[in-house]
Each structure stands twice: as structure tokens, then as C-alpha cells.
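Peer 1: Sequence first, predicted coordinates after that:
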2 protein chains.
Amino acid sequence: MLGIEEIGVHIPEGRISNYDRKEQFGIDDHFIEQKIGVRQVSVKDDNEDTSDLCVKAFADLCRKTDIDLSDIEAMVVVTQNPDRNIPHTSAMLHGKLGLPARCACFDISLGCSGFVYSLSVFQGFMAANGMKKGLLFTADPYSKIIDPNDKNTTLLFGDGAAVTLISENPKLVSGQFTFGTLGSEHEKLICNDGLLFMNGRAVFNFAAKVVPDDIRLVVEKNGLTLEGIDRFLLHQGSKIIVETIADRLKIPREKAPYTTYDYGNTISSTLPILLVDELNGTADTIVICGFGVGLSWASGVLKRV
Amino acid sequence: MLGIEEIGVHIPEGRISNYDRKEQFGIDDHFIEQKIGVRQVSVKDDNEDTSDLCVKAFADLCRKTDIDLSDIEAMVVVTQNPDRNIPHTSAMLHGKLGLPARCACFDISLGCSGFVYSLSVFQGFMAANGMKKGLLFTADPYSKIIDPNDKNTTLLFGDGAAVTLISENPKLVSGQFTFGTLGSEHEKLICNDGLLFMNGRAVFNFAAKVVPDDIRLVVEKNGLTLEGIDRFLLHQGSKIIVETIADRLKIPREKAPYTTYDYGNTISSTLPILLVDELNGTADTIVICGFGVGLSWASGVLKRV
């Protein structure tokens, strides 16, 4: 059965400190540490593109496990900040990594719900085509579209990439998923003329309302109870949204970790970054949930093999 | 079993005649009619966006079959010319069509291989999640990125959109697929600074070499022979590439129709547009093959239920 064997991660070394911007934005330490939970955001080099971040995440994967490129039968890149619109970033990455001509490549355009959606899409595609080894990249460098004077976005989003190795030798396998879209609300989080706009309050209210219900639904759909879940990995939108969702579910906050103090919200990469710590951990049953741009959300359950 | 139940199509009424551009580009009637096989290209209105073309294709689908929006469990938009990068076009289309909140939506970024790839991806996703009815949109209006003075592109590409209804009440079901990518060749067909560039000769040579081999492979993978295939639906890149592929396969040209004289190469929509004529036709076994941007290709076999 296909599932997650290993995960490679790359977070660029560049940082912008939020403490240095307290005066500019009229914020204090409490806001930085307790509300958004982002002390500094990671920023890629100007001359690095999305596929370059993927190459570095792949190098991390290769440090963790042996990869024979000729075994890779499929590859997907999840991004809304591609190198360019044509061709797809996965084609450019295919060339950079030197993957075989018989490797199926495509991009998926999704934001913060992208990892959960794509895990289901990619595993479904691989299974339907009898493929045994594939690479799921997430890389959405928002530094390309952030207005450094926009308090609602520049303090939150960091650059990062991850690659999830899907194989028949998994550590974690997925159960049932749930998905949703509120397209009529898409203007709450949108890119206009190359710059990101976010109605922070509206997106917070959406997540605080939709996500707890969706997690209850996915747990039930998998024949489980909230009490039986060892870990809730929630998209790291901000510290306050993660805590709010945990509180509304009446689960201990320790079961829903918030960890991205030192690089920020890396969009579709927040969940695979969190999963690195779980791959060799003790949690047997893990809920994953992504939510954001679209507005879109998805949840799933992972079980240890 | 999931498969293709119905197809809606929209080709904008606007046209640019290639006969009117003979002097500008130093071309003659033979070039127009026999080589590229495009007398005029379709062009959308300036104020129409990609999702608008999808809405019109959906209206055509609704004229052909009854659609209850509440039945739609998933929707994908295949495009490399989205309304905007954030959010995905499928989210905006979700809002415009008034689809239910529980409808899973995502975009796939692929060019001329997009329909074949996405048919496999989307059916795999739906099957893995027990979904029974979904919409696969293709819409890639190249008029957004065409330089009207570039002979290699402006004479060939037309705007269009299609929506393929995937359901458990299909007329055609798919067998095995084949996929491929030559990412190291991606610069042969690329968008630079918002304008499309195509090395026409290189892309022609790629297709003339790779596609016949891939079609032989997919036929064999499905336990069939070339003689047993009733119809070969090839991406309508140009008249000359369709004829060249047919000749190299030593199949009668009538089995590999070229039909897009009056609107041009509509990227990922050429195959669903061709399939409209086959849905209620007599061909029992149909090969479909898309190839282009990436460089990327995919083939599949469809069988009448």
C-alpha cells in the first residue's frame, strides 16, 4: 500500500525579524510571541526560484534515504508561485533533477490546503497507474508576492519547501479524507496585480468555524473518536488559529503543536515540515488538516504502519 | 465504474483570419490549409477570463444533460493561464457556478498533454475518495500570452474551453495510460515575460519522434493492436503533425482526424472537443494522445461501454 516513507525539507537561511518591525507596525512582544507566533520569517535569495527550493528539499531527502532516480515514476509540485506559468514547475524540476523520461509530472495549484489535497490526488494517481515510487513537492515562496508594508501578510508568511516520498514502503498510510471549498469567499485571500491581500479577520473566522467541524467529520469518517487521535497537525496559519481550533475541539493544546516561531507560515509546506518529527515518533494516529486560499480546506487521517 | 458521460464545449465567436495575414507573414494558401491547417483562430473577448470560458462550456454541458449542482463532488480546472495565480481558478469557478461547499476543487497546471493526464489524475482522485460525479474543465486561452507578430504562435493557437462530466454512468471508460516528460527540453515551448515562445521545428521533431512510440506502447499496455483501434484522437497541434504521426504509425489518416481549421489549437481542450463527436459515435476503441508544453506527453485508451 502506498504511503509516506520519508520527507525532505528546505527552509532558506535568510530571515526578517519581526522584533525589528515593532515600531513600523505598532506591535509588541505579546503580539509576536503569543498571537501570530512568528518571531522571524524565512526568505529565499532573490536569485532562487521555486524549483531551486525544491532541489534543496530533494537534497535533504537524499541525505535521509537512498534515492535511485530511475525508480521515480511520478512527481508533482504543489505551488501557486511557480517559476513561470509555462511550462509547469514540475517539468523544469524534472530537468534539474535528471528524472527519467517515463516520469509523469504535473503541478497542482492550491495554497494552504495543498498538501492534504495533493496527498490524496497523488496517491490516487499513482495507485490507478500501478506506480510504486513518487515525489510530492510543496513549494510556495510568498516572498515573491508579499508587500513588505502590509502588516497582515509580511509578519506571517515564510519561504520553505518540502518533498514527501510516496512509496510502497511507508511509515504512515492515509485513511479517508474530507475536502471543501467556499469559492464565493475567495476574495478574502487573493493576489491582485502581483501582491497578496489577506482579510485576516475573515480568514481567521472561516478557519475557526469550518476546521473544527471538518476534523470531527474526518475522524468520524475514519471510524475513530477525537479521544483516539494522538496528534492533530494543523496548518500553521498562526499560533492563535492553531490554539483556537484546538480549544474549540476541546483537545489538549499539546496534541496540536504550533512550532513555526522562527520561519513563519510556509503555506503548503507547514504540514510536511511538522510530519518530519512524527515519521519516527510514537503517535499512531494523526489527523492532518490544511486550510486557506480558495477558500479551501482538506483533512485526513494518517496511521502508523 | 467512472468514465466520460458527457462533454460541454465553448469556442468564442471572435476570429482572426490567417488569410488576412498572408502578406504580413509571407505565407500562402497551401501553408494555411495544408501545413498548419488553421484558416482562422478563435479569440475570447478582452473582458472574458479563463473562468468565464469555463462557465460557458458548463452552460453547453447543461444543454446536453441535466446537472444537479448538489451532486458535484469534485471539480478540476486544467490551465496554465489562470484568472490569477491566487486563488486557483477552480475556486473562483466554484463560486461562479454555485457549487456545494463539500465539492473538492483544485487546478492542474499542464499544457497540451493536460486532458489525458488530468483524466487519469481526476478519475483516480474520485475513485480513491468514493466520489460519483465530477467536472473536468480544460481552459487555456493563449490569446493572453500570444505576440500577434510572432508567426510561430499567432497563426496556430485559438481560445476554447471544455468540461468533461465524469460519472458512474459513462459512455466511454478509460483503460491503461502512459505518461512522459522531457523537462530538459522545456525551453522549446516557454512563456518569457508574459509572451509565449515556441521553437516550432524542435516541438514538431519531439512530437514526431515521441508520440508514435508512446501510442504503440499504450496500445500494447492495453493488450490491443494498432489494427484494433477504431480512432486515434491526437492533440491538434497542427495539420502536419497529426498527419505525420498517422503516417509514421502506418494507420489510415481517416482514423486520426484533423478538424480544427476554423479555430486552431485550443491546447488541453483539443481532445475533449474531438471527443464530442465520438461520444455518440460508432468507434468502440479510441486512443487519445496529448503532447506539448513541458515537454510533456500522455496517451490513453477509451472503450465504449
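Peer 2: Nice, thanks for sending it over. Numbering: from 1, shown residues only, chains lettered A, B, ... in the order given.
Peer 1: Correct me if wrong: A:Asp45 contacts A:Leu53.
Peer 2: No: counting by C-beta atoms under 8 Å, A:Asp45 does not reach A:Leu53; the two are 10.0 Å apart. Every residue, glycine included, has its C-beta placed from N, CA and C.
Peer 1: Looking at the two, which has the bigger crowd around it?
Peer 2: Comparing A:Asp45 with A:Leu53 by other C-beta atoms under 10 Å in any protein chain shown, the one with more neighbours is A:Leu53, at 30 against 13.
Peer 1: check contacts around the more buried one.
Peer 2: Residues near A:Leu53 by C-beta atoms under 8 Å, 6 or more residues apart in numbering or on different chains: A:10, A:12, A:44, A:139, A:141, A:159-161.
Peer 1: before we move on, back to that, list residues touching both of A:Asp45 and A:Leu53?
Peer 2: Here A:Asp45 and A:Leu53 have A:Pro12 as joint contacts, going by C-beta under 8 Å, 6+ apart.
Peer 1: Flag every residue of the stretch 101-250 of chain A that's near chain B.
Peer 2: Contact residues (C-beta under 8 Å from any C-beta of the partner chain) of the stretch 101-250 of chain A with chain B: A:101-111, A:117-118, A:120-121, A:123-125, A:127-129, A:145, A:176-177, A:179-186, A:189-192, A:196.
Peer 1: redo that, cut-off 6 Å
Peer 2: Residues of the stretch 101-250 of chain A lying close to chain B (C-beta under 6 Å from any C-beta of the partner chain) are A:101-110, A:117, A:121, A:124-125, A:128, A:179-184, A:186, A:191.
Peer 1: Give me the buried subset of these.
Peer 2: Among these, the ones that count as buried by 16 or more other C-beta atoms under 10 Å in any protein chain shown are A:103-110, A:117, A:121, A:124-125, A:128, A:179-183, A:186, A:191.
Peer 1: Take the contacts of A:Leu53 and keep only those in strands.
Peer 2: In strands, judged by DSSP state E, the following of the contacts of A:Leu53 are found: A:10, A:139, A:161.
Peer 1: re earlier: out of the contacts of A:Leu53, which is nearest to B:Ile240?
Peer 2: Proximity of those to B:Ile240 (C-beta to C-beta) peaks at A:Ala139, which lies at 38.3 Å.
Peer 1: Can you list the low-confidence ranges for chain A?
Peer 2: Along chain A, no part satisfies pLDDT under 70.
Peer 1: Can you tell me which helices and strands the top helix by length along it packs against?
Peer 2: If you go by DSSP state H, chain A has its longest helix at helix A:200-221. Packed against helix A:200-221 by the contact rule (3 or more C-beta pairs under 6 Å, 6 or more residues apart in numbering or on different chains; DSSP states H and E) you find strand A:172-181, helix A:239-248, strand A:285-292, strand A:296-304.
Peer 1: For the one residue in the stretch 151-300 of chain A that gets nearest to chain B, list the residues it contacts.
Peer 2: Residue nearest to chain B within the stretch 151-300 of chain A (C-beta to the nearest C-beta): A:Gly183, separated by 3.0 Å. For A:Gly183, the contacting residues are B:91, B:94-95, by C-beta atoms under 6 Å, 6 or more residues apart in numbering or on different chains.
Peer 1: what's the answer for A:Lys303, then?
Peer 2: A:Lys303 is in contact with A:173, A:285, counting by C-beta under 6 Å, 6+ apart.
Peer 1: Turn the helices and strands packed on helix A:200-221 into JSON lines, columns for distance to B:Leu226.
Peer 2: Shown next, in JSON lines, are the helices and strands packed on helix A:200-221 (distance: least, C-beta to C-beta, whole Å):
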{"stretch": "strand A:172-181", "distance to B:Leu226": "39"}
{"stretch": "helix A:239-248", "distance to B:Leu226": "56"}
{"stretch": "strand A:285-292", "distance to B:Leu226": "45"}
{"stretch": "strand A:296-304", "distance to B:Leu226": "42"}
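Peer 1: and A:Thr260, which of these is closest to it?
Peer 2: Closest approach to A:Thr260 among the helices and strands packed on helix A:200-221 is made by helix A:239-248 (8.4 Å; C-beta to C-beta).
Peer 1: so where do the strands sit in the stretch 1-150 of chain A?
Peer 2: A:3-10, A:14-17, A:40-43, A:74-78, A:104-109, A:133-139 (DSSP state E, counting those that start in this stretch).
Peer 1: Would you confirm that A:Val76 contacts A:Gln123?
Peer 2: No: using C-beta atoms under 6 Å, A:Val76 is not in contact with A:Gln123; the gap is 10.5 Å.
Peer 1: Looking at these two, which has the bigger crowd around it?
Peer 2: Between A:Val76 and A:Gln123, counted using other C-beta under 10 Å, A:Val76 has the larger neighbour count: 28 against 25.
Peer 1: Give me the neighbour count for the closest residue in space to the more buried one that isn't next to it in sequence.
Peer 2: Nearest non-adjacent residue to A:Val76, counting by C-beta to C-beta, 6 or more residues apart in numbering or on different chains: A:Phe122, 5.1 Å away. By the criterion of other C-beta under 10 Å, A:Phe122 has 26 neighbours.
Peer 1: A:Phe122 touches A:Leu136, doesn't it?
Peer 2: Yes: applying C-beta under 6 Å as the test, A:Phe122 and A:Leu136 come out as touching, 5.1 Å apart.
Peer 1: who touches both of those two?
Peer 2: With C-beta under 6 Å, 6+ apart, A:Phe122 and A:Leu136 have common neighbours A:Val76.
Peer 1: Tell me if A:Ile166 really is in a helix.
Peer 2: No: using DSSP: H, G, I helix; E, B strand; the rest coil, the assignment for A:Ile166 is strand, not a helix.
Peer 1: That one and A:Ile7, how far apart?
Peer 2: To A:Ile7, A:Ile166 is 10 Å away according to C-beta to C-beta, to the nearest Å.
Peer 1: what residues are up against A:Phe106?
Peer 2: Shown in contact with A:Phe106 (C-beta under 6 Å, 6+ apart): A:76, A:90, B:108, B:110, B:117.
Peer 1: which of these lies closest to A:Ile240?
Peer 2: Looking across the contacts of A:Phe106 and measuring by C-beta to C-beta, the closest to A:Ile240 is A:Val76, at 31.5 Å.
Peer 1: which residues does that closest one contact?
Peer 2: Counting by C-beta under 6 Å, 6+ apart, A:Val76 makes contact with A:106, A:108, A:122, A:136.
Peer 1: could I get those residues as a markdown table with distance to B:Leu233?
Peer 2: Below are those laid out as a markdown table (distance: C-beta to C-beta, whole Å):
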| residue | distance to B:Leu233 |
| --- | --- |
| A:Phe106 | 20 |
| A:Ile108 | 25 |
| A:Phe122 | 27 |
| A:Leu136 | 30 |
